[in-house]
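Undergrad: Predicted model and sequence follow; I will ask about them next.
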Amino acid sequence: MRRFIVAMSAVSLLLIPLPASAVDVTQTEHVSLGFNAELPISESITESCCLGAADFTIGFDGSASLTVDMGADLSVTHDNADLIDGGEMPLSVGYTPTNDPGPELVLDVSGDFSLEFDIAGLIDGGDTVEDVTFAAAAGDFTAPLAGDAPIDIPITSDSLEFSVLGVKVADAHIEGNLNLAPVPSGSVAGLGGAAAGLAVAGDGSLSAPAPIPLVEWQTAGVQPASVSLADPLTGEIDVTASPVVHWLAPTLDLDLVVDLVGAINFFGIGDITESLISGDLGAELQAAGLDALVGDAIGGLAGAAVADRIAAGFIPIPLLDPEIDTISLSETPTIGSVSFTIDADSDDDGLPDGQEIALGTDPFDPDTDDDGLTDGEEVEVYGTDPLDADTDDDGLIDGDEVNVHGTDPLDPDTDDDGLNDGDEVSEGTDPFDPDTDDDGLTDGDEVHVHGTDPLDPDTDDDGLNDGLEVALGTDPLDPDTDDDGIPDGQDTEFIENAINALSDDAFKDESPGKGLRNALLRNLENAERAVARGQVAQAIHHLEIVRGHLDGCGATPDGNDWIVDCAAQVQIRDLLDLLIENLSP
């Protein structure tokens with residue numbers, strides 16, 4: 001039995017790996033700490049009594065089955081507001097042992113028992129009892145931490161009956177108790193209470209500034225930690241807790257009770273009680289060399305510290321992979337881990353949650369203002385306000401400006417025509433063309449100044465486009481500005497206005513009043529009277545006479561030209577051509 005206890009302690013202690021680095025997590029995960037083990041046991045105990053007159057040997061050949069299954073909740077709490085590029089994120093790392101359904105510890109020792117005796121050379125014999133459960137224990141408990149009462153688990157056994165030649169000669173059974181107490185802190189973190197090593201990986205690499213990358217709980221609850229966040233902080237952060245162990249301080253009291261009966265009692269020999277083990281297991285663990293074995297496996301200062309704890313009789317109960325795995329002394333089991341995921345950008349909009357909280361956007365809504373642009377696009381790409389669906393207040397939401405119309409969501413008037421983009425879309429004008437109808441007036445002037453139609457170059461349908469009418473003084477909203485019965489486009493008035501606006505030096509006769517300006521105007525008036533009489537052909541004839549005095553300018557005017565400023569001549573000639581075209585059938 002003593003060898004069994006030492007062997008099981010070795011299995012538990014070998015599960016402690018090297019410390020890992022610090023982590024963070026936002027979730028709670030339930031874990032089971034423990035293992036299944038099936039170990040062979042071969043034990044022989046020889047005792048003498050009665051001044052050496054009697055020798056007794058009790059042997060056992062069988063196995064011990066041990067299951068430890070202790071539940072716990074492991075958690076890490078963080079504040080989304082701390083998820084900011086390059087920031088520091090405080091964490092609260094929690095551990096709470098739980099009493100899950102069923103027993104947390106089950107022990108069964110079964111096999112074949114034998115009894116041999118020699119009493120003063122007079123009685124010599126023995127018997128074997130096969131396939132019996134000799135010792136059993138079961139405990140239903142919450143794993144203790146500091147301040148919790150130790151757990152007492154009684155050990156019971158069958159009463160074995162031995163006979164020789166059909167005559168009962170002895171009964172034997174085990175009496176004892178297993179006590180599981182919490183373990184105080186050791187010289188460094190991780191050597192008492194419950195402990196977890198922490199590590200992190202993934203987008204937005206984290207690091208732990210703490211010198212000891214282990215968290216230890218002496219009582220159920222949380223311990224503080226802090227991690228440095230990457231810049232930029234993006235994607236998911238994977239957090240792993242491994243190893244996770246709960247330290248226990250076991251003390252074991254086991255007595256073997258043998259009651260000799262029948263003929264043997266004739267010699268006055270009564271019950272024999274043999275203490276197999278009493279107290280903590282430190283001496284047994286150290287005598288077996290398990291402290292050195294585990295300490296060397298871990299190595300360094302951490303290994304030495306663990307070895308000291310083992311020698312003091314403390315045993316860690318681990319998380320395995322799979323949980324409560326079957327282990328043996330011949331192979332090292334796989335340490336389990338608890339995995340968590342922190343999504344630095346909960347809504348996948350390109351902004352870490354902490355930045356969203358600082359901005360006032362919703363970290364769980366990728367488009368807080370519902371404008372068709374993600375919060376990340378608004379902040380990082382377009383510079384728009386993620387809290388204002390229409391950043392430039394032009395009547396178009398930012399998403400439509402970018403994705404539908406292609407207008408500038410930061411400029412209410414993309415083409416600078418005096419109409420904001422929203423009005424242009426509503427009116428049907430082109431927000432990229434300041435003069436949608438190419439009439440010489442910006443869309444804004446048409447709407448806000450002149451009241452003309454920005455989609456119709458000739459709002460009053462008089463044959464003159466709106467820009468020309470504004471420039472030459474006719475009314476773009478009145479097809480007959482001077483009310484003479486002739487539409488503005490067939491009236492000479494707009495040409496007369498243009499000629500009157502020319503400077504004197506534009507004409508061939510350099511002195512004012514020499515008559516060429518007046519000659520042009522008289523010919524135009526003759527044409528207008530002909531139009532009024534319905535004599536359109538005669539009117540066109542008058543106009544062609546005038547045009548003949550305005551046809552010389554290519555690079556320079558010719559000798560017959562009345563207007564010698566080529567720019568002015570071309571302007572008036574073009575107006576004449578427009579009028580002739582409007583009059584022609």
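TA: Yep, it's here. Keep in mind that what you see is a predicted model, and the values were worked out from it rather than measured.
Undergrad: okay, CA-based contacts and neighbour counts for the rest of this
TA: Will do.
Undergrad: Now for residue 320: which residues touch it?
TA: 33-35, 333-337 (Cα atoms under 8 Å, 6 or more residues apart in numbering).
Undergrad: in terms of contact, does residue 198 touch residue 240 like I think?
TA: Yes: in terms of Cα atoms under 8 Å, residue 198 counts as a neighbour of residue 240; the distance is 6.0 Å.
Undergrad: For residue 155, list each beta-bridge partner.
TA: Judged by DSSP bridges, the bridge partners of residue 155 are residue 176.
Undergrad: I figured it hits residue 137, correct?
TA: Yes: checked against Cα under 8 Å, the pair residue 155 and residue 137 is within contact range at 4.8 Å.
Undergrad: From the contacts of residue 320, pick the one nearest residue 343.
TA: residue 337 (19.4 Å; Cα to Cα).
Undergrad: if I pick the closest residue to that closest one other than its chain neighbours, what's in contact with it?
TA: Once flanking residues are discounted, residue 337 sits nearest to residue 242: 4.7 Å by Cα to Cα, 6 or more residues apart in numbering. Applying Cα under 8 Å, 6+ apart to residue 242 gives the contacts 20, 196-199, 335-338.
Undergrad: Format these as JSON lines; extra columns: pLDDT.
TA: Written out in JSON lines, the entries for the contacts of residue 242 read as follows (pLDDT from 0 to 100):
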{"residue": "20", "pLDDT": "28"}
{"residue": "196", "pLDDT": "89"}
{"residue": "197", "pLDDT": "81"}
{"residue": "198", "pLDDT": "81"}
{"residue": "199", "pLDDT": "79"}
{"residue": "335", "pLDDT": "80"}
{"residue": "336", "pLDDT": "85"}
{"residue": "337", "pLDDT": "88"}
{"residue": "338", "pLDDT": "91"}
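Undergrad: Looking at those residues, which are in strands?
TA: 196-199, 338 (DSSP state E).
Undergrad: how many other residues sit next to residue 581?
TA: 14 (other Cα atoms under 10 Å).
Undergrad: residues of the helix or strand encompassing it that come out buried?
TA: When elements are assigned from DSSP states H and E, residue 581 belongs to helix 566-583. Neighbour counts over helix 566-583 (16 or more other Cα atoms under 10 Å) mark 566, 568-570, 572-573, 575-576, 578-580, 582-583 as buried.
Undergrad: do the same with stretch 174-189
TA: 174-185, 189.
Undergrad: Need the nearest residue in space to residue 390, chain neighbours excluded.
TA: Of all residues not flanking residue 390 in the chain, residue 397 sits nearest, at 4.4 Å (Cα to Cα, 6+ apart).
Undergrad: now do residue 536
TA: Using Cα to Cα, 6+ apart, the nearest residue to residue 536 is residue 530, at 6.3 Å.
Undergrad: Would you mind confirming that that neighbour is in contact with residue 539?
TA: Yes: in this structure residue 530 lies within contact range of residue 539 using Cα under 8 Å: 5.1 Å.
Undergrad: show me what contacts the most centrally placed residue in the chain?
TA: When the chain is reduced to its mean C-alpha position, the closest residue under Cα atoms, centre = their mean turns out to be residue 343, at 1.2 Å. With contacts defined as Cα under 8 Å, 6+ apart, residue 343 is in contact with 235-237.
Undergrad: between those, which is nearest residue 279?
TA: Distances from residue 279 to these, taken as Cα to Cα, are shortest for residue 237 (46.5 Å).
Undergrad: Give the bridge partners for that closest one, please.
TA: residue 202, residue 342.
Undergrad: Same check on the one 4 residues further on?
TA: Applying DSSP bridges to residue 241 yields these beta-bridge partners: residue 198, residue 338.
Undergrad: so what's it up against?
TA: 23, 196-199, 337-339.
Undergrad: Give me the distance between it and residue 198.
TA: To residue 198, residue 241 is 5 Å away according to Cα to Cα, to the nearest Å.
Undergrad: can you check residue 151 too?
TA: 29 Å.
Undergrad: Please tell me I have it right and residue 477 contacts residue 460.
TA: Yes: counting by Cα under 8 Å, residue 460 is a contact partner of residue 477 at 5.2 Å.
Undergrad: what's the following helix or strand after the helix or strand bottoming out on mean pLDDT in the chain?
TA: In the chain, no helix or strand scores lower on mean pLDDT, DSSP states H and E than helix 2-13, which sits at a mean of 34. Later in the chain than helix 2-13, the nearest helix or strand by DSSP H and E is strand 28-49.
Undergrad: Sheet partners, orientation included, of whichever helix or strand comes after that next one?
TA: From strand 28-49 onward toward the C-terminus, using DSSP H and E, the following helix or strand is strand 54-77. Strand pairing for strand 54-77, determined by DSSP bridges: strand 28-49 (antiparallel), strand 88-98 (antiparallel), strand 105-119 (antiparallel).
Undergrad: which stretch among those comes nearest residue 472?
TA: Checked against Cα to Cα, the stretch from those lying closest is strand 88-98, at 70.3 Å.
Undergrad: circling back: can I get the buried ones among the contacts of residue 320 as something I can paste into ChimeraX?
TA: This is how ChimeraX selects the buried members of those, with burial counted by 16+ other Cα under 10 Å:
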select :33,34,35,333,335,336,337
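Undergrad: Residue 67: which of the contacts of residue 320 is nearest?
TA: Closest to residue 67, out of all of the contacts of residue 320 and judged by Cα to Cα, is residue 35, at 5.7 Å.
Undergrad: In a strand, residue 498, correct?
TA: No: applying DSSP: H, G, I helix; E, B strand; the rest coil, one finds residue 498 to be helix, outside a strand.
Undergrad: And for it, the neighbour number?
TA: Around residue 498 there are 16 residues (other Cα under 10 Å).
Undergrad: if I look at it, how far off is residue 486?
TA: For residue 498, the distance to residue 486 - Cα to Cα - is 18 Å.
Undergrad: hang on, the earlier thing: look up how far residue 40 lies from the residue nearest to residue 390.
TA: 77 Å.
Undergrad: Neighbour count for these two, which is higher?
TA: The residue with more neighbours, out of residue 397 and residue 40, is residue 397; 21 against 15, by other Cα under 10 Å.
Undergrad: The host helix or strand of residue 248 vs strand 88-98, what angle?
TA: Using DSSP H and E, residue 248 falls within strand 236-260. Counting by axes from the mean of the first three to the mean of the last three Cα atoms, to 10 degrees, strand 236-260 lies at 30 degrees to strand 88-98.
Undergrad: May I see the buried residues of strand 236-260?
TA: 236-260.
Undergrad: Likewise for stretch 91-108?
TA: 91-98, 103-108.
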